[in-house]
Structures are given as C-alpha cells and as structure tokens.
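J.: dropping a prediction and its sequence here:
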Amino acid sequence: MSLTSTELVRKLFTREGFMSLFIVSVGGVMGVAVGIPIIGVMLSPLRDQPADVWRRVGKISDFKVGDTTKVIFDYPSSGFSSWSGTTQKTVAWLRRNSSSGQNQFIAYAVYCTHLGCPVNWLPEPKLFLCPCHGSVFNADGTVAGGPAPRALFTYPTKIDGTYVYVQTQAQPLAT
Amino acid sequence: MMVRLIRLGEATYRWLDERLGIGVIVKVTLLHRMPKSVNWWYVFGSAVLTAFAIQVITGIFLAFTYIPSPDHAYASLDFISHHQFAGNILRGVHYWGGSAMVLLIFIHMTANFLGGSYKYPRELHWLTGSVLLMLTIVMAFTGQLLRWNQDAYWAVVVGAEQAARTPFIGTWVAQLLNAGPYVNGTTLSHFYAIHIWLVPGALITFIGIHLYLVIYKGVSEWPVPGKPVDPKTYMVEYQRILDEEGEPFFPRGVFNDAIFSMALIVLIFVLAVTFGAAALGPKADPTLPANPLPDWYLIWYFGILALIGVQSSGAAITPFVIILFPAIAFGVLFLFPLANKGERHYARRPWAVATVILAASGFLVLTYFGYAEPWKPLLIYTSNNQILAPSVPAQTTKGLTGDALAGSKLVSGMVCTACHSIDGVGGKRGPELSNVGNTFDQSQLIVRIARGGGGMPAYGNILTPKQITQLVAYLQTLTGK
C-alpha cells in the first residue's frame, strides 16, 4: 500500500495520525534528554584536556654532556589525579647535547613510532631499541632500522639557572 | 503418596500456566521441531551460550572484589588470585571460560559456514552471529586490560597508536580510547564499564535476536551434496522435512547440547583448578621497561604487524594494514550471505573449503610467529633495570687474545647478539653468525658493520675504527667449528 503525499498529509491530521506523530515525538524527546548527557560525558575526554605544564626533572649538573638519561615526571594534575596511581607518571629519555645554551637538552618520547611500545636506551651502542618489533633509533632519535616509520617524537625542554624542565604532552601518535 | 505428589505438581503447573503462559514458551522452545538429521555438529552454538553464561556469572562475582581504579586494580586482582579463598579458581574459570567462548565461536562459525547454514533463509543468523563475534573480541581485549599489568597498560597505548591510523578522525578515536590525551586515571574505569555493562548488554541483545531467529526459522537440516538451496521452494521443502521426518528439540537435541555443555564446564573447571588464571605479570608502571604481548586470540594480529614491519616497504604500508586488515576481514564476514543460494554441502563448495583452510592455517602460522617472535631483539632485563644482550658462548672465545678477544666482548656490549645468534646463543632477527668467518672476508665484514641495512643500524658512526677492527677480528674466528 503506497500513499501519495497528499493522502499522507491528510492521514496525519486524523486522530490516529496525530497520536502516532505524538508517540514518535515523545520517543525523540526522551532519547535527546537521556542522550545529551551521555554523549557529553563520552566526548568529554576530547574537550577537558588539561593544559600542558613544565615539569622539573633534575638539576642541569646531574646530566653529563652526551648522556641519555631516563627522567620520570608527572602529568598535569587533574580531578582524578588522586586515584590515578602510576598512570599519573610518564617518562622521557633526556639527552644533553652540549654544555651551554637554551637548546642543550632534548627529550625523546618513550613511545616507539611504529606502535607505541616503550623504547629502551642502550648506553653502550648508543641506540634506542623497541622491545616489541625491534625498531632501532640512533642517539639523535632518527630511525636506524626496523619497522618504525619516523624518528622518535620529542617534548619541549627548557632550563633556568639550575634546573631542567620537560613539558608534558599528549601521547604522540604516528599517523 | 506418589500419585498425590504428581497431582500436586500438575495442579501447580496448571496454575502457573494459566497465569504465565509457560505452555506456550515450552511449545516454541523445547518442543519446536527439528530435522532428524540434526547431529553432534549442532552442539557448538549452545556451547557458546553456556560459555557466555559462565562468563556472566563468574564476572558478577569477580566484581564483588575487583576494584576498577588504576591505583588498586592490580592489588585487588593479586588479592583475588593469591589470598582470597577460591579466588584463583573463580578467576581461572572466568579466564578459561573466555578463551573457550572465543574458540567455540570460531568452531560454531566454521561448522555453519562449511554446512552452508547461513544461506536462505538464515542470512540474518550469520549477520547477527558476526556482530556477536566482534563483540566477543571486544570483551576479550577489554578483559585483558582489566588486569592492569604492564601488558594491559601498553596494550592501551598500542591500541591508541593503531586507532590513530583511522583516516581523518584518527586522533579523536585514539584519545577516546585513552579517555584523554594519554592513559590516565579514568582510562581503566572506561574499559571496565565497557567490559561489564556496555558490551555484555549488546551481547545479550544480539544473543536474544540470534536465538529468536533459530527458533523462528528452525535449525537447518544437515546439507546433502547436490541439493542446492532455492529460495522459491526451500521453506516448503523444509516444512515437509519437519512434518515427515522431524522430531521435537526435546529430548534428543537438548540431550546432545546438555552433554557437550556439561563436558565444557567440567573441562573449564579442571583447567581453572589445575592451571588457575593467567599470570598477573608485573604491575602497570610506565616508568619501567615493558615487553608487552597480547593474549592468544590477538597474537596473530600482533604477528602480522611485526612481519610486515620487518619488510623494507613495511613502514610505508603499516598504517594501511593496521586499519584495513581488520576492516576487510570483518567486512568479508558480512558479505558471505550475499551468496545465499546454491549448494550447501562443503563437498560441492571448494572455495568455501579453501577459505576455511586458508583462514585456519593463516591463524596458526601467525600465532606461531606471534609467540616465537623471530623479529624481536633478544634482550635480558636485569633486576636493577639494566638491559643487556646475551654474552657470546665461551667456546668461541677460547684461546683468543688481543683484538679478537676485545671484539668478542663488543659483540654482546654493542648488542649484536640481540639480533644475531652465535652457536645457538642470541636473537633470530638477523642472520646467524656462527660461520660468518667463512662466508665474508674482512672488507665485506667492515662494510656490513659500518653501513648496516636490512633493519640493522649503521655502526660506522657508533663504533671507532679500532672497535670495528676488533669486532671483525673476532667475527673472522667464527668458522662453524
């Protein structure tokens, strides 16, 4: 049974037609009323992102020129920090390139650019090695071998008179 | 006495039936007719349902103790596994039950695929079943995360990296998976809610539809070669089979299902008591080295990404494979019912048989590689968080002096043995070096070490010329003797 548009409109203006429309609308209103807060909360991780902060990771004099050292620092404090446990922490490989200047430090993200596994610094061969699929990176972060598509990601660093700081960042994503 | 009891029973049943309509339910479920050709191959669907029921029940009681907070999840599981009375058996039943559910779904699918049961009029059985398969894999993955050990933490990180490869909206998908810009205090509770509410709710809904379809359209008869499905005549013919040679689902069908499900539960219980649940492994701690590995049902996917990764063109195609491969694999599942006519029996469907053999052998081969990990550098993680490559075997350094002796130390120090093996010691990532002194001369060795290639870093800018000389001196002594 197919209706022409005129017939359909006429049918909607009957008692049954009005009630059907009303039932559909009631369902819609209920869906929106419950759906708005649900979608809001589900998407909130995209909206409520804490601002990146500078974290002090040690004294400048603690790091020797040419060394690469693991530094551990906290993500920005947030409403859920009190139960975040170890997930509040993150690490970077901090390399000191020279003894002076603003850019004497460079902080490499631990996340391998292949699939995100944590790369290890091997001091003797001066290489980063990924435990998952064997990507290898040179001391300057460039790819030395394996499946990694690009160099290690870096985080901003800065120094003041005494200390080195690393800026927290979102998990770097290779795309 | 007996007679009075039976009368009382009958009276109770009549009273309930009048008010609840039990008779109708019994009639459409237990008494619905099935073909006489139903046999033991039909038990796997109900076995999946049994496994799911085990998961729901044991899951509810695990939730009595488990705490979905990143600060406490691991400790609460440690308590369940090592201190709570019967806790490790309960967790063990949930662990083996989950594995059984994944495995039985694949057997159930394969049986129905080879028997052509997904053809007319049961296309929607296959489609709802495919949705159930995907939901079950989500359950398996999220369940693994709830252990909140190193594997779990890094599985989220790796999952986010993979999701980030989604075209256009990759970053959003990745951050929704992480529940933020990085793994944080709300990540675990998100996965907990998905694992115990969201996906089970969807599973129950789709299981309901799936079972309704089984009863509404009836169980397919055992396929006969040379008897193709024709949608025009099938239902008439099926009705004739039921009327002339059919029998009620109860008792024979129920009996088979009950026997198999009982065997399944006993097996799961025995495995849980004997082996317990999966080891918890080290606690999630992003500040310590990790060596993450997924559970067995996702090892094959891990294997694919590793195997294409070690190819020289791997880096370029990896982003596509990460997203496209699962998309195509599951997309194809939903396309099967398009071929809903024709032969059902596997003897007349060589392509169907080939598909099953290809998928099964692909799964087994990739799983083997996933566990053997020939691409993985062999590293030793010491208790004080040092990372070392294996030392070269002592018999290869006997009597060495000078450059060759110094070189033998460099081989492990420069982590050569992480990828190359010498007399059975070392990784399998790169070529074996036991006989390298015969196959390469001095200048060839120098070039290989200095330039690298094929996944090996160029050591020319890492080693001093003297160190290269020492390394080569040692390698030249390796002549397979």
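T.: The structure has been received and is ready for your questions.

J.: OK, contacts around residue 112?
T.: You didn't pick a chain, so chain A it is. A:118-119, A:130, A:132-133, A:135, A:148, A:152 (CB atoms under 8 Å, 6 or more residues apart in numbering or on different chains). C-beta: built from backbone N, CA, C; applies to glycine.

J.: I was thinking of chain B, sorry if that wasn't clear
T.: Contact analysis of residue B:112 by CB under 8 Å, 6+ apart lists B:118, B:125-126, B:129.

J.: re earlier: looking at the contacts of residue A:112, which is nearest chain B?
T.: residue A:133 (4.5 Å; CB to the nearest CB).

J.: now do the helix or strand where residue B:23 lies, average pLDDT.
T.: Using DSSP states H and E, the element containing residue B:23 is helix B:22-28. For helix B:22-28, mean pLDDT rounds to 91.

J.: and that helix, what does it pack onto?
T.: The contact analysis (3 or more CB pairs under 8 Å, 6 or more residues apart in numbering or on different chains; DSSP states H and E) places helix B:22-28 against helix B:2-20.

J.: closest to chain A out of the contacts of residue B:112?
T.: Checking the contacts of residue B:112 against chain A by CB to the nearest CB gives residue B:129 as the nearest, at 27.6 Å.

J.: dihedrals phi and psi, that closest one?
T.: Main-chain torsions, residue B:129, degrees, to the nearest 10: phi -60, psi -40.

J.: got the contact list for it?
T.: Contacts of residue B:129 (CB under 8 Å, 6+ apart): B:108-109, B:112, B:210.

J.: low-scoring stretches of chain B, by residue?
T.: B:310-315, B:481 (pLDDT under 70).

J.: ok and the residue in it nearest chain A?
T.: For chain B, CB to the nearest CB, closest residue to chain A: residue B:309, 2.7 Å.

J.: surely that residue is in contact with residue A:147?
T.: Yes. When contacts are counted by CB atoms under 8 Å, residue B:309 is listed as touching residue A:147 (2.7 Å).

J.: now do the shared contacts for those two.
T.: With CB under 8 Å, 6+ apart, residue B:309 and residue A:147 have common neighbours A:114, A:133, A:135, B:315, B:318.

J.: contacting residues around the helix or strand just after the helix holding residue B:23?
T.: Per DSSP H and E, the first helix or strand lying C-terminal to helix B:22-28 is strand B:33-34. Counting contacts by CB under 8 Å, 6+ apart, the residues outside strand B:33-34 that touch it are B:218-219, B:242-243, B:246-249, B:253.

J.: okay, those residues in CSV with distance to residue B:454 and secondary structure next?
T.: As requested, those are exported to CSV (distance: CB to CB, whole Å; DSSP: H, G, I helix; E, B strand; the rest coil):
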residue, distance to residue B:454, secondary structure
B:218, 59, coil
B:219, 55, coil
B:242, 64, helix
B:243, 69, helix
B:246, 64, coil
B:247, 65, strand
B:248, 66, strand
B:249, 61, coil
B:253, 59, helix
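
J.: strands of chain A, start to end?
T.: A:54-59, A:68-74, A:89-96, A:105-109, A:120-122, A:127-129, A:136-138, A:143-145, A:154-155, A:157-159, A:163-167 (DSSP state E).

J.: get me the contact residues on the stretch 301-450 of chain B for chain A.
T.: B:305-306, B:308-310, B:314-316, B:318-319, B:375-377, B:379, B:387, B:413-415, B:418-419, B:429 (CB under 8 Å from any CB of the partner chain).

J.: quick one, which of those are buried?
T.: B:305-306, B:308-310, B:314-315, B:318-319, B:375-377, B:379, B:387, B:413-415, B:418-419, B:429 (16 or more other CB atoms under 10 Å in any protein chain shown).

J.: now do the strands in the stretch 301-450 of chain B.
T.: Ranges of strands in the stretch 301-450 of chain B, per DSSP state E, counting those that start in this stretch, are B:380-381, B:387-388, B:421-422, B:425-426.

J.: contacts for the third one?
T.: In this case it means strand B:421-422. So strand B:421-422 is in contact with B:392-393, B:396, B:411, B:427-428, B:432-434, B:478, going by CB under 8 Å, 6+ apart.

J.: ok, back up a step: just the shared contacts of residue B:309 and residue A:147 now: which is nearest residue A:97?
T.: residue A:135 (22.4 Å; CB to CB).

J.: and that closest one, how far from residue A:127?
T.: 10 Å (CB to CB, to the nearest Å).

J.: show me which of the two is the more surrounded one.
T.: residue A:135 (29 against 22; other CB atoms under 10 Å in any protein chain shown).

J.: and stretch B:165-182, how far out from the chain's middle?
T.: Relative to its chain's centre, stretch B:165-182 lies at 23 Å (CA atoms, centre = their mean, to the nearest Å).

J.: what are the contacting residues of that stretch?
T.: A:42-43, A:45-46, A:49-50, A:75, A:90, A:169-171, A:173, A:175, B:156, B:159-161, B:163-164, B:184, B:186-187, B:190, B:319-320, B:322-323.

J.: what subset of those residues is buried?
T.: A:45, A:50, A:75, A:90, A:169-171, A:173, B:156, B:159-161, B:163-164, B:184, B:186-187, B:190, B:319, B:322-323.

J.: mind checking which of the residues you listed are in helices?
T.: A:45, B:156, B:159-161, B:163, B:187, B:190, B:319, B:322-323 (DSSP state H).

J.: quick check: which element contains residue B:88?
T.: Going by DSSP H and E, residue B:88 is part of helix B:87-114.

J.: tell me the buried residues in that helix?
T.: B:87-106, B:108-109, B:112-114.

J.: I figured residue B:58 hits residue B:98, correct?
T.: No. With contact defined as CB under 8 Å, residue B:58 does not reach residue B:98; the gap is 9.4 Å.

J.: and the contacts of strand B:421-422, which are buried?
T.: Buried, going by 16+ other CB under 10 Å: B:392-393, B:396, B:411, B:427-428, B:433-434, B:478, out of the contacts of strand B:421-422.

J.: which two of these have the greatest separation?
T.: Farthest pair in the buried ones among the contacts of strand B:421-422, by CB to CB: B:396 and B:428, 17.9 Å.

J.: contacts for the helix holding residue B:23, please.
T.: So helix B:22-28 is contacted by B:13, B:16-17, B:215 (CB under 8 Å, 6+ apart).

J.: the residues you listed also near chain A: which ones?
T.: Of those, not one also sits near chain A (CB under 8 Å from any CB).

J.: got these as JSON lines, with distance to residue B:202 and neighbour count columns?
T.: JSON lines is the format used below for the contacts of helix B:22-28 (distance: CB to CB, whole Å; neighbours: other CB atoms under 10 Å in any protein chain shown):
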{"residue": "B:13", "distance to residue B:202": "35", "neighbour count": "13"}
{"residue": "B:16", "distance to residue B:202": "32", "neighbour count": "12"}
{"residue": "B:17", "distance to residue B:202": "33", "neighbour count": "14"}
{"residue": "B:215", "distance to residue B:202": "21", "neighbour count": "12"}
